[in-house]
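*Asks:* Sequence and predicted structure below; questions after.
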Amino acid sequence: MPIIYQQISELRAALQPYRGQRNDKPDSAQRIALVPTMGNLHEGHLELVSIAKQHADIVVVSIFVNPTQFGEGEDFESYPRTLDEDVAKLATVGTDYVFAPSIAEMYPVMPPPTSVLAGGITTQLCGQSRPGHFDGVGIVVSKLFNIVQPGVTVFGQKDYQQLAIIKQLVRDLSYPIEIVGAPIVRAADGLALSSRNQYLSAAERETAPVLHAELQRLAQQLMSNKLSMPEFEALLAETSQRISNAGFNIDYLEVKTDALKSVINDAEVFNVENENLIILVAAWLGRARLLDNQVVTVH
Ligand code: PAF
């Protein structure tokens with residue numbers, strides 16, 4: 001079973017021996033991995049831990065439903081908190097430590113007067129419909145990096161924008177941390193695993209895989225055709241319509257370069273040669289806001 005800590009000082013003390021700073025044992029450093037989560041773990045999270053184990057000797061999983069990344073009227077209160085089940089699942093994949101702090105431990109002053117802002121990348125896509133969300137992610141992830149001081153951290157590619165922001169954060173704040181992006185884990189019918197999938201009714205759960213199927217269909221068309229801008233826009237509109245017709249309420253459906261830049265170039269011609277594209281979608285199905293994405297390699 002992993003050892004659970006709720007206090008920052010206790011976790012730091014537990015990790016200290018792995019840092020290899022003892023004068024009598026200069027070669028004793030072991031690599032620590034951090035997998036940040038908000039708990040209510042599913043197979044996708046366990047896959048992050050398995051990947052972390054391939055990159056490190058010691059794996060720390062944080063479980064913290066971070067209030068600063070939830071907006072007014074969002075699901076902070078109702079977000080499922082399942083610590084005992086989570087720890088049991090983490091034991092099956094060889095997690096060494098779980099860090100499960102209280103809000104007061106993480107934020108002695110709430111809301112925290114200090115911010116970690118990542119600029120323009122945070123105001124598009126999910127950041128546009130969830131203002132302030134990535135500011136909350138920025139501060140909590142920075143704190144977790146400072147507390148755990150990992151050599152490597154693993155984030156899921158399902159939250160593609162979050163992963164891009166973390167990469168920028170690590171670069172700009174000079175964290176000596178390797179970032180590993182983990183492929184999306186899907187149910188057999190294609191639905192990307194997410195803690196929020198449990199908000200779906202049985203009927204909605206049957207509909208939900210449509211999102212992935214439509215992204216694949218769009219990716220296929222982008223891969224096989226060199227499109228003019230009007231053709232591209234018509235294809236996007238058609239895909240949006242098909243997703244809406246299935247019962248989704250689309251928040252956004254966008255195609256970006258893999259650096260999350262716009263694909264519209266000066267000549268207004270859609271020419272994606274030698275660029276990887278990413279299709280990103282967020283859509284509501286009943287109470288669940290589902291995220292998905294699909295990389296398109298166009299060569
Ligand atoms: O992806 C998540 O679960 C959260 O945004 C994270 C990275 C754990 C920060 O609270």
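*Replies:* On my side now, so go ahead. Not measured: the values here are computed from a predicted model.
*Asks:* Now tell me what touches stretch 117-134 from outside.
*Replies:* Defining contact as C-beta atoms under 8 Å, 6 or more residues apart in numbering, one finds that stretch 117-134 is touched by 69-71, 74, 135, 138, 161-162, 164-165, 168-169, 172, 251-252, 254, 260, 280, 282, 291. Bear in mind the C-beta positions are built from the backbone N, C-alpha and C, glycine included.
*Asks:* Quick check on the residues you listed: which are buried?
*Replies:* 69-70, 135, 138, 161-162, 164-165, 168-169, 251, 254, 260, 280, 282, 291 (16 or more other C-beta atoms under 10 Å).
*Asks:* which residues of the stretch 151-299 of the chain score low on pLDDT?
*Replies:* Across the stretch 151-299 of the chain, residues meeting the criterion (pLDDT under 70) sit at 264-275, 299.
*Asks:* List the buried residues for stretch 72-84?
*Replies:* residue 79.
*Asks:* ends of it, how far apart?
*Replies:* 28 Å (C-alpha to C-alpha, to the nearest Å).
*Asks:* Does it reach the ligand?
*Replies:* No: counting by C-beta under 6 Å from any ligand atom, the ligand has no neighbours in stretch 72-84; the shortest distance is 10.1 Å.
*Asks:* Show me what the mean pLDDT comes to for that stretch.
*Replies:* Averaged across stretch 72-84, the pLDDT comes to 96.
*Asks:* what's the spacing between that stretch and its chain's center?
*Replies:* What separates the centre of stretch 72-84 from the centre of its chain is 17 Å, taken as C-alpha atoms, centre = their mean, to the nearest Å.
*Asks:* Ok, stretch 68-83 next?
*Replies:* Centroid separation for stretch 68-83 versus its chain: 16 Å, with C-alpha atoms, centre = their mean.
*Asks:* Quick check: nearest residue in space to residue 7, chain neighbours excluded?
*Replies:* Using C-beta to C-beta, 6 or more residues apart in numbering and skipping residues adjacent in sequence, the residue nearest residue 7 is residue 105, 6.4 Å away.
*Asks:* Remind me which helix or strand that neighbour belongs to.
*Replies:* helix 103-106 (DSSP states H and E).
*Asks:* Tell me who's in contact with the residue nearest to residue 7.
*Replies:* 6, 7, 8.
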